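*Asks:* Make a model of this:
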Amino acid sequence: MHIEKIEYGPEKTGIWSQVAFILIILLTLAAAGITGDMVWKIISSEPSAAATGLFIEDIGKLLAYLLFILAAILYLYVKGLLQDEYVTTLE
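*Replies:* The predicted model follows:
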């Protein structure tokens, strides 16, 4: 028989959790702006301009920025806001 008991650790409080929450909100807004800019560039560009290396490089940079921001959001959520859990396994 396998029983798992998950006990939640102390609630994340203090200045670090508040700073993490504010940074997550700001990074989410930045990610939305970058996504909107990227979609607007793809939709509004001419096909001949979209086939150039410069356009592909610009879109690639925007995707890299977006990936970095999403990773930062995930890190801040896990380290700053997600509560610690203790797992006990009985066999």
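
*Asks:* which residues touch residue 42?
*Replies:* 50, 59 (Cβ atoms under 8 Å, 6 or more residues apart in numbering). Where C-beta positions appear, they are placed from N, C-alpha and C, glycine not excepted.

*Asks:* That one: which element?
*Replies:* Using DSSP states H and E, residue 42 sits within helix 15-44.

*Asks:* pLDDT weak spots in this protein?
*Replies:* 1-10, 84-91 (pLDDT under 70).

*Asks:* Under a three-state scheme, what state does the spatially most central residue of the chain occupy?
*Replies:* In the chain, the centroid-proximal residue (Cα atoms, centre = their mean) is residue 70; its distance is 2.3 Å. At residue 70 the chain is in helix, as set by DSSP: H, G, I helix; E, B strand; the rest coil.

*Asks:* Can you tell me how far the residue nearest to it when sequence neighbours are not counted is from residue 83?
*Replies:* With Cβ to Cβ, 6 or more residues apart in numbering as the criterion, residue 70 has its nearest non-adjacent residue at 6.3 Å, and that residue is residue 31. Note on residue 31: its distance to residue 83, by Cβ to Cβ, to the nearest Å, is 24 Å.
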